[in-house]
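1. no sequence on this one, just coordinates:
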């Protein structure tokens, strides 16, 4: 006969299994895992609180804060309870609030990470220049936004100091160049007089060489003047076909074939783009003459936009395909592609030559966020 189920040892065993005690507990195996998860959450929370960036988690559609790290609460001057009753856009200064709300809505709809530079306002009224990264995630069918805000006050101070220093250096360089150009003008005038009164052939030869050297010095100074302006002004959207037409207008008549839909193409580049394209076209026609047309085409690829300048005739040897973009002071009187490369590189645009012995082919690659087609 089986022993009665109400014996004390059976009741104690059953009790231990129900409340999670004893070797036979049905819950005992979950305790180590639960403890591990709690430890991980504590470490993660400590890590978030130790970071200098402000981190806020907002809940849609109210866009109120449900979580904030220590840096966010301390710098903004709001407690987590105060932020829970405050729409997140209220932390942005009024003049930039609409722009922030548009970006927030776009990030929520697209699910993509968005970035913006704006100004936050603390509870005490202190202005905080900040770079915001916004990304939305869905947890348990509820959408949350994660905002990481980085204080960029120090970076902006350094930038302002750098701009002020650059302006001073540019002024000094400009005054120095003007003085040198004035002296060169005087030297060339005296050389012209000496050439008119010189009688011996050797004297004339020497004076012509001096005049040529003086002209090279003047060209060097003019190139340095152009290069100094690189990066001084912010990049701007420019109609590529229009800039190209202005670029070739500085050269003898050049035949060029291109697609008609390129008239709508705009690229984000330094204002000196026109000079860079002038150097490129001058280089291409220095190889193979002026009669063979340049074929210009474009193609959209995964990485962005590819622009191809192709001209049949004399190509470059393989060992020269990279050296044409290297600074060569002895060749600055002619076409110089170092300057072109530096102009394009200001906005992340690259240029390379990959033709062969029978043609020149320059490939310009524009990143995805560096071009657009106007409607």
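-> Cool, the structure landed. Note that the coordinates shown come from a computational prediction; the quantities given were computed from them, not determined experimentally.
2. quick one: low-confidence parts of the stretch 101-250 of the chain?
-> Within the stretch 101-250 of the chain, no stretch has pLDDT under 70.
3. those strands in this structure, which residues are they?
-> 54-59, 64-68, 114-121, 127-139, 142-151, 236-239, 256-258, 265-269, 294-301, 304-312, 350-353, 359-367, 371-373 (DSSP state E).
4. Let's have those in TSV, adding mean neighbour count and distance to residue 93.
-> Quick note: C-beta positions are derived from backbone N, CA and C, even for glycine. Supplementary listing: these in TSV, determined by neighbours: other Cβ atoms under 10 Å; distance: least, Cβ to Cβ, whole Å:
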stretch	mean neighbour count	distance to residue 93
strand 54-59	20	15
strand 64-68	20	18
strand 114-121	16	5
strand 127-139	16	7
strand 142-151	17	13
strand 236-239	15	26
strand 256-258	15	46
strand 265-269	21	27
strand 294-301	14	38
strand 304-312	18	34
strand 350-353	16	38
strand 359-367	19	31
strand 371-373	15	29
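5. Adding distance to residue 175, write the ones you listed out as CSV.
-> Converted to CSV, these look like this (distance: least, Cβ to Cβ, whole Å):
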stretch, distance to residue 175
strand 54-59, 46
strand 64-68, 53
strand 114-121, 35
strand 127-139, 34
strand 142-151, 39
strand 236-239, 28
strand 256-258, 40
strand 265-269, 29
strand 294-301, 40
strand 304-312, 38
strand 350-353, 34
strand 359-367, 36
strand 371-373, 39
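6. nearest to residue 327, of these?
-> When those are compared by Cβ to Cβ, strand 350-353 sits nearest residue 327, at 15.0 Å.
7. Out of the strands of the chain, which is closest to residue 170?
-> Closest approach to residue 170 among the strands of the chain is made by strand 236-239 (19.7 Å; Cβ to Cβ).
8. quick one: the closest one to chain centroid distance?
-> 16 Å (Cα atoms, centre = their mean, to the nearest Å).
9. in its sheet, what does it sit against?
-> Strand 236-239 pairs in its sheet with strand 265-269 (antiparallel), by DSSP bridges.
10. hmm, who's touching the strand it pairs with?
-> Residues outside strand 265-269 that contact it (Cβ atoms under 8 Å, 6 or more residues apart in numbering) are 235-241, 273, 298, 305, 343-344, 346-347, 349, 366, 369-374.
11. Before we move on, what's the pLDDT of the residue nearest to residue 326 when sequence neighbours are not counted?
-> Closest residue to residue 326 apart from its sequence neighbours, by Cβ to Cβ, 6 or more residues apart in numbering: residue 338 at 6.2 Å. Model confidence at residue 338, given as pLDDT, is 87.
12. Figure out which of the strands of the chain is closest to residue 158.
-> Comparing the strands of the chain by their distance to residue 158 (Cβ to Cβ), the top pick is strand 127-139, with 12.3 Å.
13. what angle do the closest one and strand 114-121 make?
-> 130 degrees (axes from the mean of the first three to the mean of the last three Cα atoms, to 10 degrees).
14. for strand 127-139, packing partners?
-> helix 94-110, strand 114-121, strand 142-151, helix 153-197 (3 or more Cβ pairs under 8 Å, 6 or more residues apart in numbering; DSSP states H and E).
15. Could you list the paired strands of it along with their orientation?
-> Partners of strand 127-139 in the sheet, by DSSP bridges, are strand 114-121 (antiparallel), strand 142-151 (antiparallel).
16. Put together TSV for those strands, with distance to residue 224 on each row.
-> Conversion of the strands paired with strand 127-139 to TSV gives the following (distance: least, Cβ to Cβ, whole Å):
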stretch	distance to residue 224
strand 114-121	33
strand 142-151	37
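17. Which one, of the ones you listed, ends up nearest to residue 361?
-> strand 114-121 (35.9 Å).
18. where's that closest one relative to the chain centroid, distance-wise?
-> Using Cα atoms, centre = their mean, the offset of strand 114-121 from its chain centre is 17 Å.
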